[in-house]
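Chemist: Model the following, please.
(one chain, ligands or ions: 1)
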Amino acid sequence: MSIDTKALADKYGTPLYVYDFDYIENRYTTLKEAFAGKKSIINYAVKANSNLSVIAYLAKLGAGADCVSIGEVQRALTAGVSKYKIIFSGVGKRDDEIRAALEHDILLLNLESEAEMKRVEMVAKELGKEARISIRVNPNIDPQTHPYISTGLHENKFGVELDMAKRMYIYANKSEFLNPVGIHFHIGSQLTKLSPIKEACGIVADLVRSLKAINIDIKFFDVGGGIGVVYDEEVTISAKEYTQVIFEMTKGLDLTLLCEPGRYMVANAGIFLTKVLYEKNNGGKRFVIVDGAMNDLIRPSLYNAYHKIEAVGVEGAKEYENTPADVVGPVCESGDFFGKDVPLPPLEHNDLLMIHSAGAYGFTMASNYNTRAKAAEVAVQAGKDRLIRQRETYEDQVRLELEYLEK
Ligand code: LLP
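Modeler: You can find the predicted model right below:
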């Protein structure tokens, strides 16, 4: 992105998340256009970046929301997403979450077990409502991605087997309080290959055909999220290739196609800015210690994920002067790093580092570990910047504890 990162760091302080809204718009439009000619809804996966302004921006473009807690549903509603474009997934929904979702009359509740279906039926009965549901099918496909973000194998906790799904549809179809209108799968995240998506689509589309044959009329076909993005030099899936595979496998079926991209929409819209505090050498190993930490961006620590790291505008920096350094934060854990052996020029106090591809699963996975305040978030749009979340304060962090303090 062509953003004056130094000016933003000076204006808002560091550590700082910055999101390019023009990039987000471009991603949404590209994907939506790839669905041209078909009924479709892009249900942005709020978990990737749940800042209200991000959701609101996508809602204005026409996006729906894929939510995984009632809190995310509330965020989507607050941000102005139409209730008929909100879906609520997740392996374990509490009764109060089910009740609230039914009261809000959102598009679909995605069910992930028979027990959950019975619970939803019970709550719907209490409310005198018919719950629109879809069932998450686990097609037992290896998505060929990181094991922590693979979800479509029987060994993963997600969804139900095909036979069970069919039995659940038959039950739901007979129930006065359930209306089975959707089908759902999500085989994993950061998918860079088309074949697992194609295979899963084929399996689930066949199930839809067999359900239609017994007069269970599935209207919404939800392929989940997972389109991979470029962090390093990955070759990934284009929007066109993605939709073509979906069209091919659902041929002849009258369906509204749903998808739930998170990372695709926002990962490369975001950067994380952090300032150098110190440099040091331990037994010949170079460390660059910065003011951001694993509590701000945990992906490197948690998944050993690669995020490109760049020094911004370091005076007179020459590439040949670069030497490998571990970029680490101040948190009391050896796992607190952003990158290992990153080639960087000699750095000084207050020099700025830019960590790329931080728009997805960055801020949303942040914590207050070590009583570190969460970073501020800034949006950049048409060359203008604006704050979309204040930097947290110490007072914000202790607010829910102070009144119980006994000295
Ligand atoms: N739909 C469902 C049901 C999901 O479980 C997920 C992600 C998505 C959609 C969105 O997937 P995406 O398009 O973003 O790949 N924290 C991990 C990623 C966890 C993804 C969990 N589910 C990371 O930082 O890589």
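Chemist: So the residue in the stretch 301-407 of the chain positioned nearest to the ligand, which state does it fall into?
Modeler: Minimum separation of the stretch 301-407 of the chain from the ligand (CB to the nearest ligand atom) falls at Tyr361, amounting to 3.1 Å. For the C-beta atoms, the positions are set from N, CA and C on the backbone; glycine is no exception. Applying DSSP: H, G, I helix; E, B strand; the rest coil to Tyr361 yields a three-state assignment of coil.
Chemist: show me what contacts it?
Modeler: Residues counted as contacts of Tyr361 (CB atoms under 8 Å, 6 or more residues apart in numbering) are Lys47, Ala48, Asn49, Gly262, Arg263, Ala267, Arg299.
Chemist: at 7 Å instead, please
Modeler: Going by CB atoms under 7 Å, 6 or more residues apart in numbering, Tyr361 touches Ala48, Arg299.
Chemist: Ok, the one 3 residues further on next?
Modeler: Counting by CB under 7 Å, 6+ apart, Thr364 makes contact with Lys47, Ala48, Asn49, Ser50.
Chemist: near the ligand too, which of those?
Modeler: Contacts with the ligand within these, counted by CB under 6 Å from any ligand atom: Ala48.
Chemist: Compare the contacts of Thr364 and tell me which is most surrounded.
Modeler: When neighbours are counted by other CB atoms under 10 Å, Asn49 leads these with 29 neighbours.
Chemist: count of neighbours near the closest residue to that one other than its chain neighbours?
Modeler: Excluding the flanking residues, the one nearest Asn49 by CB to CB, 6 or more residues apart in numbering is Val266, at 4.5 Å. Val266 has 29 neighbours, counted by other CB under 10 Å.
Chemist: Quick check: which element contains Val266?
Modeler: Take DSSP states H and E as the rule and Val266 turns out to sit in helix 263-266.
Chemist: what's downstream of that helix, the next helix or strand?
Modeler: Per DSSP H and E, the helix or strand that comes after helix 263-266 is strand 270-282.
Chemist: Just give me how far that next one sits from the chain centre.
Modeler: 26 Å (CA atoms, centre = their mean, to the nearest Å).
Chemist: who touches that strand?
Modeler: Against strand 270-282 from outside (CB under 7 Å, 6+ apart): 5, 8-9, 14-19, 287-292, 296-297, 347-356, 358-359, 362.
Chemist: What strands flank it, and is each parallel or antiparallel?
Modeler: Strand 270-282 sits in its sheet next to strand 16-20 (antiparallel), strand 285-290 (antiparallel), strand 352-355 (antiparallel), going by DSSP bridges.
Chemist: Identify the bridge partners of Leu178.
Modeler: Beta-bridge partners, per DSSP bridges, of Leu178: Ala131.
Chemist: again with the one 5 residues further on
Modeler: With beta bridges defined as DSSP bridges, Ile183 has these partners: Ile135, Phe221.
Chemist: quick revisit: which among the contacts of strand 270-282 end up buried?
Modeler: The neighbour-count test (16 or more other CB atoms under 10 Å) marks 5, 8-9, 14-19, 288-292, 296-297, 347, 351-356, 358-359, 362 as buried among these.
Chemist: What residues does the chain have near the ligand?
Modeler: So the chain meets the ligand at 45, 48, 66, 89, 149, 186, 189-190, 224-227, 260-264, 299, 360-361 (CB under 6 Å from any ligand atom).
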